[in-house]
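> Just to be clear, the model below is a prediction. Sequence and coordinates:
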Amino acid sequence: MVNDIKPMDTQNNLLVKFADDITTSAPVKSGSDSAEAEVESIQNWSEANQMTLNLSKTWEMVVHCGSMKPLPAPIVGIERKSWLKLLGVTFQENPCCWDLHIDDLLTKASGPTENGVDR
């Protein structure tokens, strides 16, 4: 069903589909923000295909190295987060920072096991 959804800007934006999840990535340049247009396109596609976009499970994250000032305005109706977990990998605003992902891996590795099988 989601095979017919495409990014608005196929040259710059990325749309990754996995089962019933869609992740979009859009570069933000000063004075131009295609992320909001991308979200609007996904909402329109959802309505046209009689599907519901669950905004409580929809988030945005601005990935930057601290050099982007000011940050773009948040997309209306979508919560902005400082980290997101995608397919088991924890991404953070700073692309050089992996502490949350490493902490999660260490917690899982040091968790209780019985005969090599998680409880």
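Structure's in. What do you need?
> average model confidence for stretch 59-69?
Average pLDDT, stretch 59-69: 81.
> Assumed residue 44 was part of a helix.
Yes: assessed by DSSP: H, G, I helix; E, B strand; the rest coil, residue 44 belongs to a helix.
> Contact partners for residue 7?
By Cβ atoms under 8 Å, 6 or more residues apart in numbering, the contact list for residue 7 reads 13-15, 24, 26, 38, 41. Every residue, glycine included, has its C-beta placed from N, CA and C.
> Can you tell me the closest non-neighbouring residue to the residue nearest the centre of the chain?
Among the residues of the chain, the one closest to the centroid is residue 23, at 5.2 Å (Cα atoms, centre = their mean). Distances taken as Cβ to Cβ, 6 or more residues apart in numbering place residue 16 nearest to residue 23, at 4.5 Å, with adjacent residues excluded.
> The residue nearest to the centre of the chain sits in which helix or strand?
Element membership of residue 23, judged by DSSP states H and E, is strand 21-25.
> How far off centre is whichever helix or strand comes after that strand?
Per DSSP H and E, the first helix or strand lying C-terminal to strand 21-25 is strand 28-29. Computed by Cα atoms, centre = their mean, to the nearest Å, the chain-centroid distance of strand 28-29 equals 16 Å.
> one step back: list the helices and strands the strand holding residue 23 packs on?
strand 14-18, helix 34-48 (3 or more Cβ pairs under 8 Å, 6 or more residues apart in numbering; DSSP states H and E).
> Kindly recompute the last result at 6 Å.
strand 14-18 (3 or more Cβ pairs under 6 Å, 6 or more residues apart in numbering; DSSP states H and E).
> Might you list the low-confidence residue ranges for this protein?
1, 30-33, 68, 113-119 (pLDDT under 70).
> which residues in the protein form strands?
According to DSSP state E, the chain carries its strands in the segments 14-18, 21-25, 28-29, 32-33, 59-60, 79-80, 83-86, 89-92, 113-114, 117-118.
> May I see those strands arranged in TSV, with distance to residue 107 as well?
As requested, the strands of the chain are exported to TSV (distance: least, Cβ to Cβ, whole Å):
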stretch	distance to residue 107
strand 14-18	24
strand 21-25	23
strand 28-29	32
strand 32-33	36
strand 59-60	22
strand 79-80	24
strand 83-86	13
strand 89-92	11
strand 113-114	13
strand 117-118	12
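> Many thanks, we can stop here.
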